[in-house]
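>>> Structure here, sequence nowhere to be found:
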């Protein structure tokens, strides 16, 4: 940039950028009589991560030592412009210090705000939450937010004799802390080549983000020269431009415009009533996650019907484009007439907004008015999954697409139930709440009914909410939503994806047909493959279809303890465990549900896995208990 600021990425989403010292540097001391040894070096740089949405950003940047300055073949996104899906090999000779602002579980990230040391891989050898040890406070650890829009300084020091790499982070202009954030014993002699390039690499994701380097220095065999902060460029302004000086010159003329001013005041009062919001003192804690109603109103063009994406049981969903940032969003208007519990509800909305998973539709924030709550999500270009399953005149998904979507939603539920800092119960899993992005990846959305609680504690009894056909039988009896009630809904969802039928439909005589019962009946008759969606025209992987159908029946079992956890489901879908066999017992589903309600779970015994046959109904009919299904 003209002022000397190095911009690795701009506000374009899904971008990558690189900047390297123009000449290669000699990193090895080589003599004819000894083995090459990596030289000591020191680097210091000041960076800043600036997002269009304060507190939200995607991916990050890295200080890099690489054998080439041409990394154009590397992927962006979680690969930071360094590597690609193969995740590097020893022959890559890449050393990186990553400053990462998103949690990628497939790369073993520790959180969404960390610093890591990487060698030939995006899986860090060592990583810690971003921060520093304050020398003036007894070495107390102080957190730093990498995407705070504020400059920070990083020191990367390698001791060739001691074979140790130290990484230190601190606010800009603060003295270098004595204790580094990361210290790793590593012999770079086996990693770097004789000549290497030093520089930076970065990438952005869905949230448009600038990655800046304000200045840097580098030295071999001694500390890097200190940076002169007075000569560092300033960061550009984010958001609307400041008022023009002409405004201040024109202020004295306002006296001559008294009549116009009166009209303006009347207009402003009317406008305030139109855009009035409910805002209480305690909501200041959630400021970064709150959107102005005016912005959402303009983003959706006044919530016009032409912008309606869909209509659910709890409100309409509108497409919009935020002013200034031009970020595409989806806005759901939810009725919320009662003030009781609203503070806790908003706190949960904000907590859910911190969820980070590739198969979740990102909840960006909220806005509150009298009797109404507006939830703001990432916009998904291909809409919801149900229109591809149930619109017979529309495009149909092939089997690989359906299987990919099923695995993605299963992965997101595993993250919600077990891998996040709290247990998240979605409570409304269904095809219409699965959204498809531009690459047809499935993303679970609509967290308007979700509930959170701490790991190791029990869920609280609440009102029964959800969608008929997806509600677990025990939910109607106890009113308590748990991970197993989500698993039940997921089981119905699996059958819906394979069969292309709604959970509750009707036959040719207009009699109601429950999807789970219908699949059970076909399984009992040995014709379960006949339940597969006819629009697939027989083009599917028989083994994968069989696994998904059996998992659907297992997850939708009336006994909660018989349903598998989502971790077990993922193991079956990934092929890490053999899918469960179906073993018959002499009880119907109705009888087992009754036994569970009366405390007779011990009567249910597994049978040999070679037996098959499953049905629903009453009396003497056979039913399936899935072997090894717990």
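Nice, thanks for sending it over. Bear in mind that the values here come from a model prediction, so they are computed numbers and not experimental data. Numbering: from 1, shown residues only.
>>> Quick one: end-to-end length of stretch 469-483, please.
17 Å (Cα to Cα, to the nearest Å).
>>> Please name the residues that touch residue 420.
Residue 420 makes contact with residue 355 under the criterion Cβ atoms under 8 Å, 6 or more residues apart in numbering. C-betas here are computed from N, CA, C, even on glycine.
>>> Next, find the distance separating it from residue 524.
39 Å (Cβ to Cβ, to the nearest Å).
>>> now swap in residue 482 and tell me
29 Å.
>>> This protein - how does it break down into domains?
As given by automatic domain parsing, the domain ranges for the chain are 6-231, 276-378, 386-626.
>>> By mean pLDDT, show me the worst of the ones you listed.
Per-stretch mean pLDDT for these is lowest at domain 276-378 (a mean of 77).
>>> Residue 9 and residue 202 touch, don't they?
Yes. Using Cβ atoms under 8 Å, residue 9 is in contact with residue 202, at 5.4 Å.
>>> more crowded one of those two?
Taking neighbours as other Cβ atoms under 10 Å, residue 9 and residue 202 compare with residue 202 leading, 30 against 25.
>>> what helix or strand does the more buried one sit in?
Taking DSSP states H and E as the definition, residue 202 sits inside strand 195-203.
>>> Quick one: list the elements packing against that strand.
Applying 3 or more Cβ pairs under 8 Å, 6 or more residues apart in numbering; DSSP states H and E, we find strand 195-203 packed against strand 6-9, strand 16-20, strand 25-26, strand 60-66, strand 209-220.
>>> one more time with 6 Å
Strand 195-203 makes packing contacts with strand 16-20, strand 60-66, strand 209-220 when contacts are defined by 3 or more Cβ pairs under 6 Å, 6 or more residues apart in numbering; DSSP states H and E.
>>> quick one on the thing from earlier: want to throw the domains of the chain into JSON lines with distance to residue 263?
Putting the domains of the chain into JSON lines (distance: least, Cβ to Cβ, whole Å) gives the following:
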{"stretch": "domain 6-231", "distance to residue 263": "35"}
{"stretch": "domain 276-378", "distance to residue 263": "20"}
{"stretch": "domain 386-626", "distance to residue 263": "41"}
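>>> ok, now which ones touch the residue nearest to residue 182 when sequence neighbours are not counted?
Excluding its sequence neighbours, the residue lying closest to residue 182 (Cβ to Cβ, 6 or more residues apart in numbering) is residue 167, at 4.1 Å. For residue 167, the contacting residues are 97, 156, 180, 181, 182, by Cβ atoms under 6 Å, 6 or more residues apart in numbering.
>>> which ones are touching the second one?
Read it as residue 156. Per Cβ under 6 Å, 6+ apart, neighbours of residue 156: 43, 63, 97, 167.
>>> Which residue or residues pair with the last one through a beta bridge?
Listed beta-bridge partners, residue 167: residue 156, residue 182 (assigned using DSSP bridges).
>>> and what of the third one?
Here residue 97 shows beta-bridge partners residue 63, residue 117, assigned using DSSP bridges.
>>> That one touches residue 61, doesn't it?
No. Counting by Cβ atoms under 6 Å, residue 97 stays clear of residue 61, with 9.7 Å between them.
>>> so is the residue sitting furthest away from the middle of the chain in a helix, a strand, or just coil?
What lies farthest from the middle of the chain is residue 256; by Cα atoms, centre = their mean that is 55.2 Å. Assigned with DSSP: H, G, I helix; E, B strand; the rest coil, residue 256 falls in the helix class.
>>> got it, and residue 403?
helix.
>>> going forward, begin numbering at 55 instead of 1
Sure, I'll start numbering at 55, so the last one becomes residue 457.
>>> which residue sits closest to it, ignoring its sequence neighbours?
Residue 457 sits nearest to residue 598 (Cβ to Cβ, 6+ apart), 5.4 Å away.
>>> Would you mind confirming that that neighbour is in contact with residue 460?
No. If you go by Cβ under 6 Å, residue 598 and residue 460 don't touch, sitting 9.1 Å apart.
>>> and the two? which has more neighbours close in?
Neighbour count, other Cβ under 10 Å: between residue 598 and residue 460, residue 460 has more, with 24 against 19.
>>> Am I right that the more buried one sits in a strand?
No. Checked against three-state DSSP, residue 460 lies outside a strand; its state is helix.
>>> need the contact list for it.
With Cβ under 6 Å, 6+ apart, residue 460 has these contacts: residue 551.
>>> and if you look at residue 548?
602, 605, 606.
>>> Mind checking which of those land in helices?
602, 605, 606 (DSSP state H).
>>> Burial check on the second one, number of neighbours?
By that I understand residue 605. Neighbour tally, residue 605, other Cβ under 10 Å: 26.
>>> residues in contact with it?
548, 626.
>>> And it, how far from residue 78?
54 Å.
>>> Let's have the helices and strands packed on strand 249-257 in CSV, adding mean neighbour count and distance to residue 171.
Conversion of these to CSV gives the following (neighbours: other Cβ atoms under 10 Å; distance: least, Cβ to Cβ, whole Å):
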stretch, mean neighbour count, distance to residue 171
strand 70-74, 19, 19
strand 114-120, 26, 10
strand 263-274, 21, 18
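>>> Residue 155 contacts residue 115, doesn't it?
No. Between residue 155 and residue 115 there is no contact under Cβ under 6 Å: 9.2 Å.
>>> right, and the domains of the chain - which one's nearest residue 316?
domain 330-432 (21.7 Å; Cβ to Cβ).
>>> Not counting stretch 464-473 itself, show me its contacts.
Contacts for stretch 464-473 (Cβ under 6 Å, 6+ apart): 411, 413, 414, 478, 498, 537, 620, 621, 623, 624, 627.
>>> Mind checking which of those residues land in strands?
Of the contacts of stretch 464-473, the ones assigned to strands by DSSP state E are 478, 498.
>>> would you list the contacts of stretch 464-473 in CSV and tack on neighbour count?
Output for these, formatted as CSV (neighbours: other Cβ atoms under 10 Å):
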residue, neighbour count
411, 21
413, 21
414, 25
478, 25
498, 26
537, 22
620, 24
621, 13
623, 24
624, 17
627, 20
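>>> Among the contacts of stretch 464-473, which lie within helices?
Checking these against DSSP H, those in helices are 537, 620, 621, 623, 624, 627.
>>> Would you check which pair of those residues lies furthest apart?
Checking the ones in helices among the contacts of stretch 464-473 with Cβ to Cβ, the most distant pair is 537 and 627, at 17.1 Å.
>>> measure residue 459 to residue 609 for me?
Taking Cβ to Cβ, one finds residue 459 at 16 Å from residue 609.
>>> For these two, indicate the residue with more neighbours.
residue 609 (29 against 23).
>>> Excluding chain neighbours, give the residue nearest to that one in space.
Per Cβ to Cβ, 6+ apart, closest to residue 609 is residue 545, 2.7 Å.
>>> Could you give the number of residues near that neighbour?
24.
>>> So it belongs to a helix, correct?
Yes. Assigned with three-state DSSP, residue 545 falls within a helix.
>>> so what's it up against?
606, 609, 610.
>>> and with 7 Å instead?
606, 608, 609, 610 (Cβ atoms under 7 Å, 6 or more residues apart in numbering).
>>> Next, check the residues you listed against the strands and list the overlap.
Reading strands off the contacts of residue 545, I find no matches (DSSP E).
>>> So residue 69 sits against residue 63, correct?
Yes. Under the criterion of Cβ atoms under 7 Å, residue 69 makes contact with residue 63 at 4.8 Å.
>>> what do the two both touch?
257, 258.
>>> Now do the contacts for the closest residue to residue 496 other than its chain neighbours.
Distance criterion Cβ to Cβ, 6+ apart; nearest residue to residue 496, sequence neighbours excluded, is residue 459 at 3.6 Å. If you count contacts by Cβ under 7 Å, 6+ apart, residue 459 has them with 439, 488, 496, 551.
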